[in-house]
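Q: sequence and predicted structure, then a few things I'm wondering about:
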Amino acid sequence: MAKIFVRERGNVREGEGRPRYAVVGVEGADVKFFKTHLRKGELDTIAQAVGAELVTLPRGSGEHVGQEGGGKRRHGRRKHGGDAASA
């Protein structure tokens, strides 16, 4: 049986009107997701249509908070381009 792995998004609260779940991965099904943030009802409908099991992953415990690595850029670096004179 195919599986769709999802997790609850951390920055969405009840009644906020934003999709609450993020698709993490799919195993054993030929399914493409064009939106990765979905509502629970949408996920249930997709899983039923393709015959997949919906697996909700547990949220992290926060033990890695504040450690270096991954995540947002630091020290004010720009993501794209920059000043042409500094090149």
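A: In hand now; what should we look at?

Q: may I have the helix or strand where residue 49 lies exported as CSV, CA atoms only?
A: Here residue 49, judged by DSSP states H and E, is contained in helix 40-50. Only the C-alpha atoms of helix 40-50 are listed here, as CSV (Å, rounded to 0.1, in the frame of the first residue of the first chain):
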residue,chain,number,x,y,z
LYS,A,40,-6.5,17.7,6.3
GLY,A,41,-9.7,17.2,4.2
GLU,A,42,-7.7,17.6,1.0
LEU,A,43,-5.1,15.1,2.1
ASP,A,44,-7.8,12.6,3.1
THR,A,45,-9.4,12.9,-0.3
ILE,A,46,-6.1,12.5,-2.2
ALA,A,47,-5.1,9.4,-0.1
GLN,A,48,-8.5,7.8,-0.6
ALA,A,49,-8.4,8.5,-4.4
VAL,A,50,-5.0,6.9,-4.9
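
Q: that helix packs against which elements?
A: Packed against helix 40-50 by the contact rule (3 or more C-beta pairs under 8 Å, 6 or more residues apart in numbering; DSSP states H and E) you find strand 2-8, strand 21-27, strand 52-56. Quick note: C-beta positions are derived from backbone N, CA and C, even for glycine.

Q: can I get those in TSV including mean neighbour count, mean pLDDT and distance to residue 46?
A: As requested, the helices and strands packed on helix 40-50 are exported to TSV (neighbours: other C-beta atoms under 10 Å; pLDDT from 0 to 100; distance: least, C-beta to C-beta, whole Å):
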stretch	mean neighbour count	mean pLDDT	distance to residue 46
strand 2-8	17	90	7
strand 21-27	15	87	9
strand 52-56	15	92	8
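
Q: would you turn the ones you listed into TSV with distance to residue 35?
A: Formatted as TSV, those follow (distance: least, C-beta to C-beta, whole Å):
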stretch	distance to residue 35
strand 2-8	12
strand 21-27	8
strand 52-56	16
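
Q: perfect, that will be all.
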